[in-house]
Structure formats: structure tokens, C-alpha cells
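>>> coordinates only, sequence not included:
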Ligand SMILES: C[C@@]1(CC(=O)O)c2cc3[nH]c(cc4nc(cc5[nH]c(cc(n2)[C@H]1CCC(=O)O)[C@@](C)(CC(=O)O)[C@@H]5CCC(=O)O)C(CC(=O)O)=C4CCC(=O)O)c(CCC(=O)O)c3CC(=O)O
Ligand SMILES: NC(=O)C1=CN([C@@H]2O[C@H](COP(=O)(O)OP(=O)(O)OC[C@H]3O[C@@H](n4cnc5c(N)ncnc54)[C@H](O)[C@@H]3O)[C@@H](O)[C@H]2O)C=CC1
């Protein structure tokens with residue numbers, strides 16, 4: 001059983017440290033920004049590859065620091081993603097983050113992760129996150145692609161309309177709960 005508890009982070013108001021601006025760092029930054037274009041990210045790396053620089057250059061809130069990792073970069077950070085090509089540096093980042101109670105992900109080393117990045121589907125206001133418990137990231141990717149394909153764009157209209165309806169409801173909390181459950185009931189009704 002997958003015992004991970006998913007949460008939806010407001011990364012535009014959190015400080016994320018990403019260490020390593022190579023292939024894996026680029027992939028992590030790319031998925032982070034795809035979901036959260038205004039994510040506040042400080043990227044520290046000895047070198048950045050061209051793709052990383054391009055991605056960071058187009059982003060609203062990505063700061064680049066060309067340097068070797070140092071624990072001082074953990075100051076004021078809520079989340080850390082380690083993606084250097086040196087396992088011992090990634091391990092050091094992991095332990096120094098843990099000392100400070102900062103949540104840490106060592107990309108591609110599940111046992112050094114407090115959290116995993118998942119496959120993410122966004123349709124307007126709707127967001128679905130997918131995890132395979134680290135068993136098969138490729139399956140998370142394929143499911144993400146499948147859901148992106150089959151979920152209609154109109155699903156966002158449904159959410160907006162239901163929100164507008166919800167705002168028209170007068171009455172107490174209990175009444176609203178009942179009304180919202182009634183109007184959305186057909187979404188889960190089984191066809192006879
Ligand atoms: C545990 C986790 C930790 C973390 O990184 O957070 C992790 C770990 C590892 N990834 C590895 C490899 C690959 N990762 C991908 C892709 C993605 N990986 C992502 C998440 C996660 N990857 C977390 C678990 C998520 C879950 O619970 O399911 C996604 C969903 C999100 C993201 O990266 O943002 C993103 C798809 C996003 C999308 O497309 O939507 C591909 C496929 C591809 O690129 O085509 C490959 C190559 C194929 C392969 O090797 O499987 C390896 C082996 C490395 C080695 O060989 O040494 C490990 C280590 C291990 O498994 O031990
Ligand atoms: N690229 C891949 O497909 C795979 C990578 N991995 C693992 O993922 C990790 C990262 O791999 P890649 O991104 O491909 O490597 P890469 O070589 O493309 O990037 C590593 C980045 O880390 C930076 N770096 C190195 N030492 C540093 C330090 N002390 N402080 C700050 N930055 C530092 C480098 O300048 C470089 O930008 C490695 O542990 C690798 O073994 C695992 C499986 C597949």
C-alpha cells in the first residue's frame with residue numbers, strides 16, 4: 001500500500017533550494033515550473049547546463065547562484081531538492097536539511113527523500129497528483145499523459161459553474177453541504 005500523504009504546496013510563497021543544474025536538476029525544475037510557474041526557487045550549482053539556464057531565464061522567480069553547495073544556502077528554505085552528480089554531496093545535503101527540519105528530496109534516491117515529486121495533471125483549477133510509491137516513475141508519467149488526454153478542458157467550466165452556484169446558496173453550512181452533494185451526485189451515479 002502507498003502510505004504517502006499528498007499535499008498541494010503554494011510554492012510561490014515558499015522558498016525552494018535546488019542543488020544541481022544538470023540533467024536531473026533541469027527535469028525537476030521543469031516539472032516544478034510547469035505546475036507552479038511562480039515557484040520561488042534558488043538554484044545553486046557549480047555549473048548550469050544550457051537547458052537549465054533557458055528554463056530559469058524564462059521563469060518569474062528563479063535565482064541562480066553559481067557555486068558549490070554549502071550549508072549556508074539552506075538558510076530560510078522550506079524545501080530542498082538535491083540533484084548533484086555526487087552521491088556524497090547529495091547525502092550531505094540530506095543530513096544538513098534534516099538537522100534543520102527542512103523537507104528534502106534527493107532526486108533518484110528514494111531512501112533519502114522526505115517527499116517525492118509526482119506525476120501532475122492540471123486542467124484549470126483541477127489538479128491531480130500521481131505517485132507509484134517510487135515503484136515506477138515511468139508509470140506515473142504515462143498515467144499523467146493519459147489523464148491529460150482524457151480529461152476534457154470543460155472540466156474547469158464545471159468547477160467554475162459549481163463555484164458560482166455555491167456562492168448563490170443562502171442558508172447554513174448543513175444546507176449548503178446537502179445542496180452541493182445533490183447537484184454533484186450524478187458525477188458518481190452508476191449507470192443501470
Ligand atoms: C522516488 C522518486 C523520487 C523523486 O525524484 O521525487 C523517483 C525516483 C527515481 N526516478 C528514476 C528514473 C526516472 N524518473 C522518471 C520520471 C519521473 N520521476 C518522477 C518522480 C520520482 N522519481 C519519485 C517517485 C514518484 C512515484 O512515487 O511514482 C516524476 C513522476 C516526477 C518528477 O520527476 O517531477 C517524473 C515523471 C513526471 C512526468 O512525466 O509527469 C523517468 C521517466 C522518464 O523520464 O521518462 C525515469 C527513467 C526511467 C526509470 O529509471 O524508471 C529513478 C531511477 C534512476 C536510476 O536508474 O538510477 C529513480 C530512483 C529509484 O527508483 O530508485
Ligand atoms: N541523468 C540520468 O538519467 C540519471 C542520473 N542519475 C543520478 O542523478 C544525479 C544527477 O545526475 P545528472 O543530473 O545527470 O548529472 P549532471 O552531471 O548532468 O548534473 C549534475 C550537476 O550537479 C552540479 N554539481 C556537482 N557538484 C556540485 C556541488 N558540490 N555543488 C553544487 N552543484 C554541484 C554540476 O555542476 C552539475 O550541474 C546523479 O546522482 C546521477 O547518478 C541517476 C539515474 C539516471
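Looks like it came in fine. Here the structure is a predicted model, which is why all the values come from computation and not from measurement. Ligands and ions are numbered 1, 2, ... in the order given.
>>> going forward, measure contacts between C-alpha atoms and count neighbours the same way
OK.
>>> ok, and the closest non-adjacent residue to residue 151?
Of all residues not flanking residue 151 in the chain, residue 123 sits nearest, at 7.8 Å (Cα to Cα, 6 or more residues apart in numbering).
>>> list the residues that contact the one you found.
Under the criterion of Cα atoms under 8 Å, 6 or more residues apart in numbering, the contact partners of residue 123 comprise 148, 151, 153, 155-156.
>>> out of those, flag the one nearest to ligand 2.
For the contacts of residue 123, the residue nearest ligand 2 by Cα to the nearest ligand atom is residue 148; the value is 24.3 Å.
>>> neighbours of the closest one, how many?
Residue 148 has 16 neighbours, counted by other Cα atoms under 10 Å.
>>> what is the burial count for residue 1?
The criterion is other Cα under 10 Å. On that basis, residue 1 has 5 neighbouring residues.
>>> and for residue 139?
A count of neighbours around residue 139, defined by other Cα under 10 Å, yields 15.
>>> what about the longest strand seen in the chain, near ligand 2?
Selection of the longest strand in the chain by residue count, based on DSSP state E, yields strand 40-48. Yes - judged by Cα under 6 Å from any ligand atom, strand 40-48 comes into contact with ligand 2 through 44-48.
>>> ok, now how distant is the residue nearest to residue 151 from ligand 2?
For residue 123, the distance to ligand 2 equals 29 Å [Cα to the nearest ligand atom, to the nearest Å].
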